[in-house]
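Undergrad: Only the shape, not the letters, is given here:
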């Protein structure tokens, strides 16, 4: 299979380590991966703020770049949710869109649902708290939701369980929003910061050393809170843990 690696624009600029860890995971599994250098933003910030024309242009660009790959894989539940759940308003009926929509995966979801590895050949001897980001959790189904009476599951925890030495902490509110919300953190900054502090404190009180998750945007927001409050904890994208990058 041929995989197109999609790296969100902000991760390309600010978090190259997590981006490279995603590539490392896929290559370590012997998969054929390409990184199209002409890629750019998926258009989610534009769509969220009502800039439909700009979002439409970016969606069409995305389809043109990635439509011929067997799978598109990204280290972001949020951006994957944009492609799968929100591109139809721009691309419905376009050649290649149905394939793109059903074959675009977040990295952990891709491992769990498609590749199904038995081991990640990684060690991580730390206490970890899992942050279930809203988009990854509720829009692409990465884990069971506390508001629904369904059997509990977590693709994130399932994949992390393949890492030697990892210890999970139990949170009081396992799937609460961190307050980032994209442009929400700009338009409602005080509420966003308060939500972020609540989310971080839940991890701190549970004894976590590391907060991890599938969305670097949420982790970025929480790391800002951690740095400002000088809290004894840090964030780390899940790809870095799965890749064995201590």
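TA: Structure's in. What do you need? Owing to the predicted nature of the structure, the values given are computational and were not obtained by experimental measurement. Numbers count the residues shown, from 1 in each chain.
Undergrad: Only C-alpha atoms from now on, for both contacts and neighbour counts.
TA: Will do.
Undergrad: who's in contact with the longest helix anywhere in the chain?
TA: Criterion DSSP state H: the longest helix present in the chain is helix 189-205. Contact partners of helix 189-205, identified using C-alpha atoms under 8 Å, 6 or more residues apart in numbering, comprise 129, 169, 171-173, 176-180, 184-185, 211, 221-222, 225-226, 231-233.
Undergrad: what's the offset of the lowest-mean-pLDDT helix or strand in the chain from the middle of its chain?
TA: The helix or strand with the lowest mean pLDDT-type score in the chain, counting by mean pLDDT, DSSP states H and E, is helix 184-187 (a mean of 72). In terms of C-alpha atoms, centre = their mean, to the nearest Å, the centre of helix 184-187 is set 20 Å apart from its chain centre.
Undergrad: Outside of that helix itself, list whatever touches it.
TA: Under C-alpha under 8 Å, 6+ apart, the answer for helix 184-187 is 179, 191-193.
Undergrad: of these, buried ones?
TA: 179, 192-193 (16 or more other C-alpha atoms under 10 Å).
Undergrad: export those residues to a markdown table and tack on pLDDT and distance to residue 118?
TA: Output for the buried ones among the contacts of helix 184-187, formatted as a markdown table (pLDDT from 0 to 100; distance: C-alpha to C-alpha, whole Å):
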| residue | pLDDT | distance to residue 118 |
| --- | --- | --- |
| 179 | 77 | 35 |
| 192 | 82 | 39 |
| 193 | 86 | 39 |
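Undergrad: nearest to residue 91, of those?
TA: Distance to residue 91, by C-alpha to C-alpha, is smallest for residue 179 among the buried ones among the contacts of helix 184-187, at 30.0 Å.
Undergrad: Now do the contacts for that closest one.
TA: Contacts of residue 179 (C-alpha under 8 Å, 6+ apart): 185, 191-196, 218, 221.
Undergrad: Chain neighbours aside, what residue packs nearest to it?
TA: Distances taken as C-alpha to C-alpha, 6 or more residues apart in numbering place residue 192 nearest to residue 179, at 4.4 Å, with adjacent residues excluded.
Undergrad: now for the contacts of residue 179, which pair is the farthest apart?
TA: Among the contacts of residue 179, 191 and 218 lie farthest apart (C-alpha to C-alpha), at 14.7 Å.
Undergrad: Mark out where each domain of the protein begins and ends.
TA: According to automatic domain parsing, the chain is divided into the following domains: 2-115, 127-242.
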